[in-house]
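Novice: Sequence first, then the predicted structure:
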Amino acid sequence: MSRQVIRFAVVGGASTVLHLALFAGLRSAGMPSAQAANLLALVVATLANTAANRRWTFGVRSGGHWRHQAQGFVLLGVSWVVTAGALALVHRLVAHPATLVETAALGGATVLGAVVRYLLMRVWVFRGAPPTNAPPVRASAVLARR
């Protein structure tokens, strides 16, 4: 499981960088709503995150791709609630926060959301997935069994 946690952290770190870069880019480009920029950035990052975790963290290489993406979007709700709450708090405390302040708040909230996402991915989305140290299943091996 420790390899799995490390892989999840690497994927999560890359997804967080993508999310925060997209958010900051959208805000800097003039998107007036921090909440809309956050949601759009989260959707893109969630697609990439679920695909990467599916393959690299949990070792799933066949079947269930669309189901896993749909479950990833359910988990997006967890991330969105946590990050939207952080943005709302920042805007309540600071009348016109800088993009850097908003982005920092999102970064902190993302760490909290990541813990919940990992647990839900492990017990719900990718339950029963082979251990990540198992050798990958090759298409030739699957065809040879038939």
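Specialist: The structure has been received and is ready for your questions. Numbering: from 1, shown residues only.

Novice: counting contacts, what elements does the strand or helix carrying Leu100 pack onto?
Specialist: With elements taken from DSSP states H and E, the one containing Leu100 is helix 99-120. Contact partners of helix 99-120 among helices and strands, from 3 or more CB pairs under 8 Å, 6 or more residues apart in numbering; DSSP states H and E: helix 2-28, helix 65-93. Just so you know, the C-beta spots here come from the backbone N, C-alpha and C atoms, and that holds for glycine as well.

Novice: Where does pLDDT dip in the protein?
Specialist: 1, 128-146 (pLDDT under 70).

Novice: Count residues in the vicinity of Val125, would you?
Specialist: Other residues lying near Val125 total 23 when counted by other CB atoms under 10 Å.

Novice: repeat for Trp80
Specialist: 18.

Novice: Who are the contact partners of it?
Specialist: Applying CB atoms under 8 Å, 6 or more residues apart in numbering, one finds that Trp80 lies in contact with Asn38, Leu39, Leu42.

Novice: Could you report the separation of it from Leu42?
Specialist: When distance is defined by CB to CB, to the nearest Å, Trp80 is 6 Å away from Leu42.

Novice: same deal with Gly77?
Specialist: 10 Å.

Novice: Looking at those two, which has the bigger crowd around it?
Specialist: Shown here are Gly77 and Leu42; by other CB under 10 Å, Leu42 has more neighbours (26 against 11).

Novice: Check the burial of the nearest residue to His65 once chain neighbours are set aside by counting its neighbours.
Specialist: Computed as CB to CB, 6 or more residues apart in numbering, the closest residue to His65 that is not its neighbour in sequence is Arg54, at 7.3 Å. As a burial measure, the neighbour count of Arg54 was computed by other CB under 10 Å and equals 23.

Novice: Repeat that for Gly85.
Specialist: Per other CB under 10 Å, the neighbour tally for Gly85 reads 13.
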